[in-house]
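Asks: Predicted model follows, preceded by the sequence.
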4 protein chains.
Amino acid sequence: MRLMYLGDVVGRSGRDAVVREVPRLRKDLKLDFVAVCGENAAHGFGLTAAIAQDFYDAGVDVVTLGNHAWDQREMLAYIDRDPRIVRPANYPDGTPGRGATLYSLPDGRKVLVVQVMGRLFMDPLDCPFASAQAILQKYPLGAAVQAVIVDIHAEATSEKMSMGHFCDGRASLVAGTHSHVPTADAQVLPGGTAYITDLGMCGDYNSVIGMKKEAAMARFVRKIPGDRLSPAEGDATVCGVVVETDRSGKAVSVQPLRIAGRLQQAEPGFPV
Amino acid sequence: MRLMYLGDVVGRSGRDAVVREVPRLRKDLKLDFVAVCGENAAHGFGLTAAIAQDFYDAGVDVVTLGNHAWDQREMLAYIDRDPRIVRPANYPDGTPGRGATLYSLPDGRKVLVVQVMGRLFMDPLDCPFASAQAILQKYPLGAAVQAVIVDIHAEATSEKMSMGHFCDGRASLVAGTHSHVPTADAQVLPGGTAYITDLGMCGDYNSVIGMKKEAAMARFVRKIPGDRLSPAEGDATVCGVVVETDRSGKAVSVQPLRIAGRLQQAEPGFPV
Amino acid sequence: MRLMYLGDVVGRSGRDAVVREVPRLRKDLKLDFVAVCGENAAHGFGLTAAIAQDFYDAGVDVVTLGNHAWDQREMLAYIDRDPRIVRPANYPDGTPGRGATLYSLPDGRKVLVVQVMGRLFMDPLDCPFASAQAILQKYPLGAAVQAVIVDIHAEATSEKMSMGHFCDGRASLVAGTHSHVPTADAQVLPGGTAYITDLGMCGDYNSVIGMKKEAAMARFVRKIPGDRLSPAEGDATVCGVVVETDRSGKAVSVQPLRIAGRLQQAEPGFPV
Amino acid sequence: MRLMYLGDVVGRSGRDAVVREVPRLRKDLKLDFVAVCGENAAHGFGLTAAIAQDFYDAGVDVVTLGNHAWDQREMLAYIDRDPRIVRPANYPDGTPGRGATLYSLPDGRKVLVVQVMGRLFMDPLDCPFASAQAILQKYPLGAAVQAVIVDIHAEATSEKMSMGHFCDGRASLVAGTHSHVPTADAQVLPGGTAYITDLGMCGDYNSVIGMKKEAAMARFVRKIPGDRLSPAEGDATVCGVVVETDRSGKAVSVQPLRIAGRLQQAEPGFPV
Ligand SMILES: [Fe+2]
Ligand SMILES: [Fe+2]
Ligand SMILES: [Fe+2]
Ligand SMILES: [Fe+2]
Ligand SMILES: [Fe+2]
Ligand SMILES: [Fe+2]
Ligand SMILES: [Fe+2]
Ligand SMILES: [Fe+2]
């Protein structure tokens, strides 16, 4: 199976690039499944139902969230009606939405997408490792499901790499999101799980993590309230990975993807 | 001028790889100047005088530190005797060592290396932007010095990208360290400064940021004291960037470098 | 019922004062039950079995811990053998020891002691409110148990006051520990639960939270490793509260207790 | 000299109590100088010029701020016009307002009021100890000024106690603010400086640090956006200390003050 997962889409520039590139990539790379992290799609803050629909129309199968899940209040009411949206599984009991979703391909194969949120340097939540453990035990890779993607939405590289090893052999891919910068450490771990510390954002990299740089910089330099943060408007780079799995659901390869915008380009090459 | 800067060297595995690769790279890539972050070189914690000497013998010109600067207590006494070692400039007044060093090439050209430490999710220090500002004003690029490297040793990608823009046009390179994971966002910013959010570590990537994964993972999963952290012992990947500058000291190009070990390889290609 | 709960005992000075005062207080104040937080009793870091025994010999019934629970490694092995020691209930499943204990008075009445740890500005754990909820539902005040003490070991006053209100009507006392400074806000909340944000330490207040002031101060002023922290050795003030409950287990009154040492003295007066 | 300093005033309830009690206290206690922390006076968030005027009319001499200094944007423009308002001295260079003010009593004696902000668990700023040092050196107690008040607006008790010792002998009073809970550790330190870890708020203590408890509690229990925080409306307790100094400017005594509202009452008694 061939899976693509794209990182945090930031604002209009990010959305435009995703909606433009996904249809082509889906075809060119013969992708079976596409997920994208949408927590910053709505002007940098959260996701709306309409934007999720734009993603689906472009060929996205599942949309994940993160700590910005509820920035758009409509998501609190909407999320329970849309099984294709996943929010962190380690939110408290009673939180709207789901922390994992099972997506069925047209041929009946199933892809499990799980999101957990890290805790180091982030808002305290229940343990992401215990959360992931409970879900992974319920859906053994290669048996109940043909592919498993675990998104670790987190700040600290140590927590993200720990999650990679924690799931190694039980997931097809463990991918970090949230830092908005792609890492260059994509690898298949010893147990067969593809891993990358962060997918990077789909956004304008002439910015501060996707936001206009002047206002964002001012927050570090001065300590008085300044202009509101808003998404940078230059051309976005679409960032993510493409993973090839074998029949066991484990990864055969993981390749970075960086298309358009300012970053050094990378497009996976596959034998036709 | 051609500058190479390598990220945090972790333990013996990282040191072995750096000492093995730097002489060859220095020659093959016709490098004018080489720096390396040594804060984790001594079994993961700090730097010793002997290890610094090993780096110099291999062709390193300047060694930077970070929040682990004083893990080896000998460094407190030693650092004032070695002008090639740089620690964060925004440490309090009276801290041993220097926050910037001026290195003279054999032909008389000068390279300024500055290190500042971020504050977001880190131990509180004085403002890294004000620190950088004071130093950069003193050494105008292209006038007093022919190249300027600013190391932003920090956790948060937002603070690192802000430092990149803050120095844009005034440094040849702004490079992040500390996260131990290479980022894939190397670019020349609009003002002519090469930038990368993190150089990544020189260490074994089958690990948790360079440390053996079992003990490191246990710290996240269980909350009782466990085994001490110690460096992973597999083959290291040497990670960093190579920057080409023009006569003004600004960057013409920045290329990622990932050599040996588990990560996808990248070696800059230059016309001979 | 008359309950006394004393805050974090710090080092020898704190232990000496507790062991000296508790027998007298137990008699003078006609106390039915005495608990003490012992997480800093062993030279400032953790608790040993021998020190716990000294507390029991002096008339202490239950000893609580906190984030320093495992500073003395022997506690990891010992705690399961001593039902009178309570550690935070929201540690991960599988952590040695217990997060709540049921203590039987000679006349058969039962006192439940629960400890939960806050998360704001502290190491991430599972939700202390969910933990407290599960335990309180199992032991209804006035039915299964005649008194309930909830210790919220936490940094932030907002989290501690929230826990007070969360348990209001379901506990006899919600008392904060960990800050090592007694607060002057003891009150009976509207639902009948006695509350204080922090009991304060049993230690020398000519110090930095019980530790010698020079070394502790240096950590804030300089950013290089300095002397190890060790407990201040002046006379300790014994700090805590005494709560009087009625037959329903709710609080009739809560009175601060500050005996010996440098602080303004307070000893509850009860009708004989 | 007799000085009173009151803690963070929260919302209307806190303001009403301060404006009601200060005139009487000023007379009854024969106070020479009155300061109050006003950072939460405007509906819990910041201070306005009109509210500052209300405080002055009631007999307040100086108003301090804190991390909420700029919650009311008008303060950014106003503060430079009002020398009686003090904001943290360790804000970056160029921040509007002043970090210390010199207040002249009718008889010519001078009171210096300094505010510094802690960094542990707070937004990063420059070193509060270095800031305090620079100011205290400029205004020696008993020489240039007859009384010195240092406000350490901070979260961590360790940082606050360290500031107390750091200034011991150089200030008449070091008082903590920000936690909104009064501490019961008022004492004169060995060098002659009165000290208290936190003055507590002037606000309704049937609340979460002055805010309505339901919305504040929900933020800890659930992790979805809830109601906005707004000040609790019950009767406020006016909290602070009264310090008596001798001719050298050092403290002879420090007495807690808790008037009205829910908390145990304390009003300093002085010989007439
Ligand atoms: Fe995020
Ligand atoms: Fe994001
Ligand atoms: Fe570091
Ligand atoms: Fe490092
Ligand atoms: Fe503690
Ligand atoms: Fe403690
Ligand atoms: Fe504050
Ligand atoms: Fe406040």
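Replies: In hand now; what should we look at? Residues are numbered from 1 along each chain as shown, chains lettered A, B, ... in the order given. Ligands and ions are numbered 1, 2, ... in the order given.
Asks: going forward, measure contacts between C-alpha atoms and count neighbours the same way
Replies: Noted.
Asks: Which one of the residues in the stretch 51-200 of chain A is closest to ligand 6?
Replies: Proximity of the stretch 51-200 of chain A to ligand 6 (Cα to the ion) peaks at A:Pro124, 21.0 Å away.
Asks: neighbours of that residue, just the number please.
Replies: 24 (other Cα atoms under 10 Å in any protein chain shown).
Asks: That one contacts C:Pro124, doesn't it?
Replies: Yes: under the criterion of Cα atoms under 8 Å, A:Pro124 makes contact with C:Pro124 at 5.8 Å.
Asks: In contact with the closest residue to ligand 5 within chain A: list those residues for me.
Replies: The nearest approach of chain A to ligand 5 comes at A:Pro124, 17.6 Å away (Cα to the ion). Going by Cα atoms under 8 Å, 6 or more residues apart in numbering or on different chains, A:Pro124 touches C:Arg119, C:Leu120, C:Pro124, C:Leu125.
Asks: Farthest pair within the residues you listed?
Replies: Taking Cα to Cα as the measure, these span a maximum distance of 10.1 Å, between C:Leu120 and C:Leu125.
Asks: Compare neighbour counts for these two and give me the winner.
Replies: C:Leu125 (24 against 18).
Asks: Grab the nearest non-local neighbour of A:Ala232.
Replies: Spatial nearest neighbour of A:Ala232, excluding adjacent residues (Cα to Cα, 6 or more residues apart in numbering or on different chains): A:Lys212 at 4.4 Å.
Asks: May I see the buried residues of stretch A:223-240?
Replies: A:223-224, A:229-240 (16 or more other Cα atoms under 10 Å in any protein chain shown).
Asks: quick one: whatever helix or strand A:Asp16 lives in near ligand 2?
Replies: Per DSSP states H and E: A:Asp16 is located in helix A:11-28. No: if you take Cα under 5 Å from the ion as the test, helix A:11-28 misses ligand 2, and the best it gets is 10.6 Å.
Asks: So which bits of that helix are buried?
Replies: For helix A:11-28, by 16+ other Cα under 10 Å, it's A:11-19, A:21-22, A:25-26.
Asks: Does chain B have contacts with that helix?
Replies: No: Helix A:11-28 lies out of reach of chain B by Cα under 8 Å from any Cα of the partner chain, never closer than 15.9 Å.
Asks: Just the strands from the stretch 1-150 of chain A, written as ranges.
Replies: Using DSSP state E, counting those that start in this stretch, the strands of the stretch 1-150 of chain A run over A:2-6, A:33-37, A:62-64, A:85-86, A:100-104, A:110-117, A:147-153.
Asks: Residue most distant from the centroid, chain A?
Replies: A:Ile224 (32.9 Å; Cα atoms, centre = their mean).
Asks: Find the nearest non-adjacent residue to it, please.
Replies: D:Trp70 (6.7 Å).
Asks: Same check on A:Gly142?
Replies: A:Ser248 (4.8 Å).
Asks: ok so, going back, was I right to think the residue nearest to A:Ile224 contacts A:Lys223?
Replies: No: counting by Cα under 8 Å, D:Trp70 stays clear of A:Lys223, with 9.4 Å between them.
Asks: Which strand residues bridge A:Cys239?
Replies: In this entry, A:Cys239 is beta-bridged to A:Arg258, by DSSP bridges.
Asks: ok so, going back, the strands of the stretch 1-150 of chain A: which one's closest to ligand 8?
Replies: If we rank the strands of the stretch 1-150 of chain A by Cα to the ion, the stretch that ends up nearest is strand A:110-117, at 30.4 Å.
Asks: tell me which residues in the closest one are buried?
Replies: So strand A:110-117, judged by 16+ other Cα under 10 Å, has buried residues A:Lys110, A:Val111, A:Leu112, A:Val113, A:Val114, A:Gln115, A:Val116, A:Met117.
Asks: mind giving me TSV with those and columns for distance to A:Asp168?
Replies: Shown next, in TSV, are these (distance: Cα to Cα, whole Å):
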residue	distance to A:Asp168
A:Lys110	19
A:Val111	17
A:Leu112	15
A:Val113	15
A:Val114	14
A:Gln115	16
A:Val116	15
A:Met117	18
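Asks: Can you spell out which helices and strands pack onto the helix holding A:Asp16?
Replies: Applying 3 or more Cα pairs under 8 Å, 6 or more residues apart in numbering or on different chains; DSSP states H and E, one finds that helix A:11-28 makes contact with helix A:49-58, strand A:238-245.
Asks: contacting residues around that helix?
Replies: A:9, A:31-32, A:34, A:40-44, A:54-55, A:58-60, A:202-204, A:231-238, A:260.
Asks: Which of those residues fall in helices?
Replies: A:Asp54, A:Phe55, A:Ala58 (DSSP state H).
Asks: Pick the one among those closest to ligand 3.
Replies: Ligand 3 lies nearest to A:Phe55 out of the ones in helices among the contacts of helix A:11-28, by Cα to the ion, at 38.3 Å.
Asks: how deep is that closest one tucked in, by neighbour count?
Replies: Every residue meeting other Cα under 10 Å relative to A:Phe55 is counted, giving 22.
Asks: In contact with it, which residues?
Replies: A:Val18, A:Val19.
Asks: Can you name the residue of the stretch 151-272 of chain A nearest to ligand 2?
Replies: A:His178 (4.2 Å).
Asks: pretty sure that residue is touching A:His153, no?
Replies: Yes: applying Cα under 8 Å, one finds A:His178 in contact with A:His153, separated by 5.4 Å.
Asks: who touches both of these two?
Replies: A:Gly66.
Asks: Skipping adjacent residues, who's closest to the residue in the stretch 151-272 of chain A that chain B sits nearest to in space?
Replies: Residue nearest to chain B within the stretch 151-272 of chain A (Cα to the nearest Cα): A:Thr183, separated by 3.9 Å. Using Cα to Cα, 6+ apart and skipping residues adjacent in sequence, the residue nearest A:Thr183 is B:Thr183, 3.9 Å away.
Asks: how many neighbours does A:Phe121 have?
Replies: 17.
Asks: ok, and the closest non-adjacent residue to A:Met1?
Replies: A:Thr245 (5.2 Å).
Asks: which SSE is the residue nearest to A:Gly142 in?
Replies: Counting by DSSP H and E, A:Ser248 is found in no helix or strand.
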